[in-house]
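Q: Could you work out the structure for the sequence below:
(chains A and B)
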Amino acid sequence: MTVSSHSRQGGGYLDRPAPSGLADVIEVILDKGLVIDAYVRVSLVGIELLTIDARIVIASVDTYLRFAEATNRLDLYEKGGKDLPELVEGMTESGARGKTSGVLGAAKNALTGDDDDQGSRRPARKSTSSSSSRPRRRQESE
Amino acid sequence: MSMATITTEEAAEMTDSAFYVYGIVPADAAVDVLDASDGMGSEIRLVTDGPVGALVESIDPERPLGRRRDLVAHSTVLNTMAAHGPVLPMRFGSVVAGGAAVVDELLAPQRDHFAALLEQVAGRLQFNVRARYVLDTVLAEIVRSEPEVAELRRRTADLPEDASHYDRIRLGELVARAVDVRREAHTRRLLEGLVPHAADYLVREVSGMDNVAEVSFLVTEEQRADFEQAAEVLAEEWEGTARVSLVGPMALYDFVPEQ
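A: Next up, the predicted model:
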């Protein structure tokens, strides 16, 4: 798996990851771009499911329990909670991401697999919240 | 193999049964830049019709699209082209049947439309900004500033989960709300800082405890330096609280004008 490179430019604080990480690519390109319905056969095998899965909102009670767990896990007295070393910060971030991005992550994994040649593995999950759509704000006309 | 540009007449003789269409570019687009990107360009051809062209690749129509390689290629090809000139991204998974159809059904009927759109997007790029909380820092701040949270945390910490279920839900609810309040404020701040340096923007839905915001920005070449500087300023301001990442420049996935 390609790991996006996080290069820091000019001693800055801003992360400038290359848009090559798979998760980013999926977020960025799915559902986007020109569709010429009348002329182009669009064959999005497996993609519809993914976009629906990505919109699932975790039930609120579940979310609350996660927040409670994260809050209880805090070690306020030893680490102070501020100015954590970057290493710890990075570990925390990836840990939290692993826990909270379960649905989307699973869908992405199922869709793309870790083997390039297993294009037929598809997430079978159906969503009940398929009606929500991304907010769109269209370009000003010029 | 080097990049091939194919004219209308030659396209009619391309017998492959299906062509994946990456995007629409001007007929004179510098497609050789694709050769340099991970060997991605070797299979990609530019089929032209008058002033416009389609970036296509012969594919096996039986093979489902959606593998990692397909997704990354779509993104890489379009972003590489976008860095060198205008490009209209097609939706991932767009396929036309046969070389003649690329011209007859895709390009020719919308030649003027595509040409006009390409003019509109020239000199414009998309950047995506994402901010994520350093969650422990933010949670610690909330525990310190909200006595009820601190109290609930103390009370639930030493009890088994079953015995403190409702307290835990209450704790989580208070914390989630406090994070939401911060998220709204941080999103406002992000927009205040960056929108003045962009031509348009789109706030994307975010989920996950640590997500602050994800916003796509349409940025002109003239705005680009100021925009990147503003993102840098924001990242510095939020250091320790949230990490800001800037992805791009990329093709205008979120800002393709409507049909």
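
Q: The helix or strand hosting B:T187: how far from the chain's middle?
A: Following DSSP states H and E, the helix or strand that holds B:T187 is helix B:165-194. If you compare the mean C-alpha spot of helix B:165-194 with that of the full chain, they lie 25 Å apart, counting by Cα atoms, centre = their mean, to the nearest Å.

Q: State the mean pLDDT of that helix.
A: Taken as a whole, helix B:165-194 has an average pLDDT of 94.

Q: next one: stretch B:118-131
A: Averaged across stretch B:118-131, the pLDDT comes to 95.

Q: Format the CA atom coordinates belonging to it as CSV.
A: Taking only C-alpha atoms (Å, rounded to 0.1, in the frame of the first residue of the first chain), the coordinates of stretch B:118-131 have been written out as CSV:
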residue,chain,number,x,y,z
LEU,B,118,-12.4,24.3,-20.7
GLU,B,119,-12.0,28.0,-21.1
GLN,B,120,-13.9,28.5,-17.9
VAL,B,121,-11.7,26.2,-15.8
ALA,B,122,-8.4,27.4,-17.3
GLY,B,123,-6.1,28.8,-14.6
ARG,B,124,-8.2,27.3,-11.8
LEU,B,125,-7.2,24.6,-9.4
GLN,B,126,-8.8,22.7,-6.6
PHE,B,127,-7.3,22.4,-3.1
ASN,B,128,-8.8,20.3,-0.3
VAL,B,129,-8.2,21.4,3.2
ARG,B,130,-8.8,19.0,6.1
ALA,B,131,-8.4,19.7,9.8
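
Q: so what pLDDT did residue 37 get?
A: Here I'm looking at chain A. A:D37 carries a pLDDT value of 57.

Q: that's the wrong chain, I meant chain B
A: pLDDT, the model's per-residue confidence, is 62 for B:S37.

Q: re the thing from before, who are the packing partners of the helix holding B:T187?
A: For helix B:165-194, the contact count by 3 or more Cβ pairs under 8 Å, 6 or more residues apart in numbering or on different chains; DSSP states H and E identifies helix A:60-73, strand B:124-133, helix B:135-145, helix B:147-157, strand B:200-204, strand B:211-220, helix B:221-237 as packing neighbours. Any C-beta I mention is one placed from the backbone N, CA and C, and that applies to glycine too.

Q: Kindly state the domain boundaries assigned to chain B.
A: When chain B is parsed with automatic domain parsing, its domains come out as B:4-122, B:125-250.

Q: So what's the gap between stretch B:203-222 and the chain middle?
A: That offset, for stretch B:203-222, works out to 9 Å (Cα atoms, centre = their mean).

Q: Correction: the previous question concerned stretch B:184-197.
A: The answer for stretch B:184-197 is 19 Å, by Cα atoms, centre = their mean.

Q: any weak-confidence spans in chain A?
A: In the predicted model, chain A carries pLDDT under 70 at residues A:1-11, A:19-21, A:36-61, A:76-142.

Q: circling back to that earlier point, next, format the domains of chain B as a markdown table and append mean neighbour count.
A: Conversion of the domains of chain B to a markdown table gives the following (neighbours: other Cβ atoms under 10 Å in any protein chain shown):
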| stretch | mean neighbour count |
| --- | --- |
| domain B:4-122 | 20 |
| domain B:125-250 | 19 |
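
Q: For the closest residue to B:R170 other than its chain neighbours, give me the pLDDT.
A: If the residues on either side of it in the chain are set aside, B:R170 comes closest to B:L152, at 6.0 Å by Cβ to Cβ, 6 or more residues apart in numbering or on different chains. pLDDT, the model's per-residue confidence, is 94 for B:L152.

Q: B:V33 now?
A: Per-residue pLDDT puts B:V33 at 85.

Q: if I've got this straight, it is in a helix?
A: Yes. Looking at B:V33 with DSSP: H, G, I helix; E, B strand; the rest coil, it is inside a helix.

Q: Contact partners for it?
A: The neighbourhood of B:V33, defined by Cβ atoms under 8 Å, 6 or more residues apart in numbering or on different chains, consists of B:41, B:80-81, B:83-84.

Q: circling back: need the helices and strands packed on helix B:165-194 in TSV (columns: distance to B:I6).
A: Compiled in TSV, these are given as follows (distance: least, Cβ to Cβ, whole Å):
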stretch	distance to B:I6
helix A:60-73	53
strand B:124-133	27
helix B:135-145	52
helix B:147-157	64
strand B:200-204	34
strand B:211-220	31
helix B:221-237	30
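
Q: so what's the closest residue to B:V121 other than its chain neighbours up against?
A: If the residues on either side of it in the chain are set aside, B:V121 comes closest to B:P86, at 4.8 Å by Cβ to Cβ, 6+ apart. With contacts taken as Cβ under 8 Å, 6+ apart, B:P86 has the following neighbours: B:25-26, B:118-119, B:121-124.

Q: Check B:R111 too.
A: With contact taken as Cβ under 8 Å, 6+ apart, B:R111 is in contact with B:49-52.

Q: so B:E146 makes contact with B:A178?
A: Yes. A contact is recorded between B:E146 and B:A178 when judged using Cβ atoms under 8 Å, the distance being 6.2 Å.

Q: circling back: any idea which element the residue nearest to B:V121 lies in?
A: Secondary-structure assignment from DSSP H and E places B:P86 in no helical or strand segment.

Q: Could you check the pLDDT of it?
A: Spelled out, the predicted local distance difference test score at B:P86 is 96.

Q: ok, it to B:V179 distance?
A: 40 Å (Cβ to Cβ, to the nearest Å).

Q: now do B:T80
A: With distances taken as Cβ to Cβ, B:T80 is found 38 Å from B:V179.

Q: pretty sure B:V149 contacts B:I142?
A: Yes. Between B:V149 and B:I142 a contact is recorded at 5.8 Å, counting by Cβ under 8 Å.

Q: Can you check which residues contact both of these two?
A: Contacts common to B:V149 and B:I142, judged by Cβ under 8 Å, 6+ apart, are A:71, B:175, B:178.
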